[in-house]
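1. Structure here, sequence nowhere to be found:
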């Protein structure tokens, strides 16, 4: 049984037809679910996570963005587990290219849903069940294009779902049919804002993003710093300098694209960027390098540059 996804009909017509001719909500069954995991200089513990995912999903598609030689551990895992496919890129192609590579492979295997993950995420045992239960609990399940977890603490008194405007990539469950009708992840962005851009595009044609409030994903973002001050605690994600380049360059790209469609959100993003600069200069290490990357990213955005950062910048390790 496969999900029908008709561009002209819109999200209200997405359903799965049962053998008896009835129509059921398109919940993500294990047999039609592929996990897409993106690697980049992976830590040792990620291999255990991939093995666990092979027990939870029908396919685990591992896209390796690490430049250079093939990963012998991944070759071994894929060799002994038919559920695991190793897709080395041989270079850092960017998160958007890696995700698109994995999703295309999922479509070849006729997966109906893809679970997108990066190597910093840990999936709990009951995670997929919680996402499926949340989708089934939502009254208009056929309108849901993305199901995402909460990154905060679970509130047991809260209802099982919440419609949200945006979701980060890692931990999100997405219908594969959307990529053929709504397009792919924007490869011009390379890394930052890839997820937000996709959510905004889906919402523009009527799809919804559903957060499963009872499903929590362990996910590390950046190398966080928390510093007490007389005015309260300052918290910052402490991304490496090259990530500042991408964040500020792509933020301006998003401004050009979405300012008039989502003005309140874009103004909030600009204020967030200003606060990000202030915190970087106050409490983070490598202040001069980060400021240089912020300025270079801003300048390249104004020039219309997209894709990978220019050669000569420190792009060997993009980091978190």
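-> Now that the structure is in, tell me what you want to look at. Note that the structure is a prediction, hence the values are computed from the model and not measured.
2. where do the helices sit along this structure?
-> Here the chain has its helices, by DSSP state H, at 46-56, 72-80, 95-108, 127-137, 177-182, 194-204, 241-258, 263-283, 287-303.
3. If you count contacts, what does the first one end up packed against?
-> Under the contact criterion of 3 or more C-beta pairs under 8 Å, 6 or more residues apart in numbering; DSSP states H and E, the helices and strands touching helix 46-56 comprise strand 33-39, strand 59-64, helix 72-80. C-beta here means a position set from N, CA and C on the backbone, and glycine is covered the same way.
4. residue contacts, residue 96?
-> Contacts for residue 96 (C-beta atoms under 8 Å, 6 or more residues apart in numbering) come out as 184-191, 194.
5. give me the number of residues near the nearest residue to it once chain neighbours are set aside?
-> Counting by C-beta to C-beta, 6 or more residues apart in numbering, residue 96 lies nearest to residue 185, which is 4.1 Å off, once chain neighbours are set aside. Here the number of neighbours of residue 185 (other C-beta atoms under 10 Å) works out to 22.
6. you'd agree residue 185 is up against residue 194?
-> Yes - between residue 185 and residue 194 there is a contact under C-beta atoms under 8 Å: 5.3 Å.
7. Give me the common contacts of the two.
-> What both residue 185 and residue 194 touch, as defined by C-beta under 8 Å, 6+ apart, is the set 95-96, 99.
8. Can I get those residues in TSV including pLDDT and distance to residue 143?
-> Putting the shared contacts of residue 185 and residue 194 into TSV (pLDDT from 0 to 100; distance: C-beta to C-beta, whole Å) gives the following:
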residue	pLDDT	distance to residue 143
95	97	27
96	97	25
99	98	23
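9. Looking at the residues you listed, which is nearest residue 304?
-> Residue 304 lies nearest to residue 96 out of the shared contacts of residue 185 and residue 194, by C-beta to C-beta, at 17.6 Å.
10. And the closest one, how far from residue 277?
-> Using C-beta to C-beta, to the nearest Å, residue 96 is found at 25 Å from residue 277.
11. for residue 75, same thing?
-> 43 Å.
12. now residue 227: how far from residue 235?
-> Distance from residue 227 to residue 235, by C-beta to C-beta: 8 Å.
13. Check residue 311 too.
-> Using C-beta to C-beta, residue 311 is found at 34 Å from residue 235.
14. Please say which of these two ends up with more neighbours.
-> Using other C-beta under 10 Å as the criterion, residue 311 and residue 235 rank with residue 235 on top: 12 against 6.
15. hang on, the more buried one packs against residue 229?
-> No - with contact defined as C-beta under 8 Å, residue 235 does not reach residue 229; the gap is 10.9 Å.
16. for this structure, what are the low-confidence residue spans?
-> For the chain, residues meeting the criterion pLDDT under 70 lie at 1-31, 155-157, 314-320.
17. cutoff 80 now
-> Across the chain, the ranges flagged by pLDDT under 80 are 1-31, 151-158, 229, 231, 312, 314-320.
18. Looking at it, which strand is longest?
-> The residue-count maximum for a strand in the chain (DSSP state E) belongs to strand 208-216.
19. Show me what it is in contact with.
-> 11, 124, 127, 130-131, 133-135, 138, 140, 143-156, 158-167, 199, 202-203.
20. Only whichever of those residues are buried, select them in ChimeraX.
-> Buried members of these, defined by 16 or more other C-beta atoms under 10 Å, are picked up in ChimeraX with:
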select :11,127,130,131,133,134,135,138,143,144,145,146,147,148,149,150,160,161,166,167,199,202,203
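21. what's the burial count for the nearest residue to residue 183 once chain neighbours are set aside?
-> Spatial nearest neighbour of residue 183, excluding adjacent residues (C-beta to C-beta, 6+ apart): residue 201 at 6.7 Å. By other C-beta under 10 Å, the residues close to residue 201 number 17.
22. Make sure residue 201 is actually in contact with residue 185.
-> No - assessed by C-beta under 8 Å, residue 201 is found out of contact with residue 185, at 9.8 Å.
23. Can you give the strand pairings for the longest strand of the chain, parallel or anti for each?
-> strand 144-150 (parallel), strand 161-164 (antiparallel) (DSSP bridges).
24. okay if I get those as CSV plus distance to residue 283?
-> Shown next, in CSV, are the strands paired with strand 208-216 (distance: least, C-beta to C-beta, whole Å):
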stretch, distance to residue 283
strand 144-150, 27
strand 161-164, 29
